[in-house]
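Trainee: I'll drop the sequence and a predicted model, then ask my questions.
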Amino acid sequence: MPGGRLTHQERRQIALGLADGLAYAEIARSLDRPTSTVTREVMRNGGPTGYKADLAQVGTEHRAQRRKATHKQPVARTDGRDPEAMREYEESFVAILEQSGLPKMTSRMLTVLYTSDTGSATAAEFVARLQVSPATVSKAMASLEGLGLIRRERDDRRRERYIVDNDVWYQSMIAGARSNAQFAETARQGVAVLGAGTPAAVRLENIARFMDFVSESIIRAAEQARDVLKT
């Protein structure tokens, strides 16, 4: 299986595969590359609908030049993991989170939490790890907490620690379901205002019924998943 960075020709093949609607795994097989390599390449360079081979090639060259300009000594890891492999994986994770709508820096911080064994970090640790300001950390964490993706608590040194764990995902799903339920209730209130039976009222009633169904399904699935995982 080929190693090293993708060539310009391989990037063109990826672009053609995406245009033909092929799955990442199919494109990867045609290149004799791991599926993760193709997935990372696409998500890092515009996603499946915005990927351009030439732009991806230029972007990769620019990133390589920046790394050469700023790279000094590889940071030794204390967990025994391959630093280069971890860096590549973290970039992939950040790209996926960005595609879901999170800002880049927020995605980087959430990736730090997900890929650490403790699943937690203090503001000072984020500052040191990502070379960002405390204000940037505070803003990103407030956003993630609002989405229900993290929680915070005080450690034994009275420092505020940001934490992600399995139950956080459950809470996030429940919060999303409740938001859908509130939307449904608001839509249903409009039925009386607009007049039952009118096209606008019928539209809102259908929206409310749809959101009710989705909310109930999400809550039921989240509770079942949590019970299974805990068991």
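Mentor: Nice, thanks for sending it over.
Trainee: and for the residue nearest the centre of the chain, nearest residue in space, chain neighbours not counted?
Mentor: Nearest to the geometric centre of the chain sits residue 97, at 1.8 Å (Cα atoms, centre = their mean). Counting by Cβ to Cβ, 6 or more residues apart in numbering, residue 107 is the residue found nearest to residue 97 once chain neighbours are left out, at 3.7 Å. Placement of C-beta: from N, CA and C, glycine included.
Trainee: show me what contacts the one you found?
Mentor: For residue 107, the contact set (Cβ atoms under 8 Å, 6 or more residues apart in numbering) comprises 93, 94, 95, 97, 98.
Trainee: how about the strands in this protein?
Mentor: Along the chain, the segments classed as strands by DSSP state E run 120-122, 151-154, 160-163.
Trainee: go through those and pick out the most buried.
Mentor: Per residue and on average, the most neighbours among the strands of the chain fall to strand 120-122, with a mean of 19 (mean count of other Cβ atoms under 10 Å).
Trainee: quick one: contacts of that one?
Mentor: 109, 112, 113, 129, 155, 159, 160, 161, 162, 163, 164.
Trainee: how many neighbouring residues does residue 119 have?
Mentor: Other residues lying near residue 119 total 16 when counted by other Cβ atoms under 10 Å.
Trainee: name the single longest helix found in this structure.
Mentor: If you go by DSSP state H, the chain has its longest helix at helix 199-230.
Trainee: name the helices or strands packed onto that helix?
Mentor: helix 166-194 (3 or more Cβ pairs under 8 Å, 6 or more residues apart in numbering; DSSP states H and E).
Trainee: which secondary element of the chain has the worst mean pLDDT?
Mentor: Sorting the helices and strands of the chain by mean pLDDT, DSSP states H and E puts helix 53-70 at the bottom, at a mean of 72.
Trainee: state the distance from the residue nearest to residue 149 when sequence neighbours are not counted to residue 230.
Mentor: Spatial nearest neighbour of residue 149, excluding adjacent residues (Cβ to Cβ, 6+ apart): residue 172 at 5.5 Å. Distance, residue 172 to residue 230, by Cβ to Cβ, to the nearest Å: 17 Å.
Trainee: show me the contacts for residue 222.
Mentor: Neighbouring residues of residue 222 by Cβ under 8 Å, 6+ apart: 170, 173, 174, 177.
Trainee: ok, residue 111 next?
Mentor: Counting by Cβ under 8 Å, 6+ apart, residue 111 makes contact with 90, 93, 94, 97.
Trainee: could you chop this structure up by domain?
Mentor: 8-70, 83-164, 167-230 (automatic domain parsing).
Trainee: which of residue 172 and residue 230 has more residues huddled nearby?
Mentor: Counted by other Cβ under 10 Å, residue 172 and residue 230 do not tie: residue 172 has more neighbours, with 17 against 9.
Trainee: wait, doesn't that one sit right on residue 146?
Mentor: No - with contact defined as Cβ atoms under 8 Å, residue 172 does not count as touching residue 146 (10.4 Å).
Trainee: nearest to residue 19, of the contacts of residue 222?
Mentor: Nearest to residue 19 among the contacts of residue 222 is residue 173, at 34.7 Å by Cβ to Cβ.
Trainee: what's around the closest one, how many residues?
Mentor: Per other Cβ under 10 Å, the neighbour tally for residue 173 reads 18.
Trainee: how far away is it from residue 214?
Mentor: 12 Å.
Trainee: just the C-alphas of stretch 135-155, formatted as CSV.
Mentor: Provided in CSV are the C-alpha atoms of stretch 135-155 (Å, rounded to 0.1, in the frame of the first residue of the first chain):
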residue,chain,number,x,y,z
ALA,A,135,-10.5,34.8,26.7
THR,A,136,-10.6,32.5,23.6
VAL,A,137,-10.8,29.4,25.9
SER,A,138,-13.6,30.9,27.9
LYS,A,139,-15.6,31.8,24.8
ALA,A,140,-15.2,28.4,23.2
MET,A,141,-16.1,26.5,26.4
ALA,A,142,-19.2,28.7,27.0
SER,A,143,-20.3,27.8,23.4
LEU,A,144,-19.7,24.0,24.0
GLU,A,145,-21.4,24.1,27.4
GLY,A,146,-24.4,25.8,25.8
LEU,A,147,-24.6,23.0,23.3
GLY,A,148,-24.4,20.5,26.1
LEU,A,149,-21.2,19.0,24.8
ILE,A,150,-19.1,19.6,27.9
ARG,A,151,-19.6,20.2,31.6
ARG,A,152,-17.4,22.0,34.1
GLU,A,153,-16.4,21.4,37.7
ARG,A,154,-13.8,22.4,40.3
ASP,A,155,-10.9,20.1,40.9
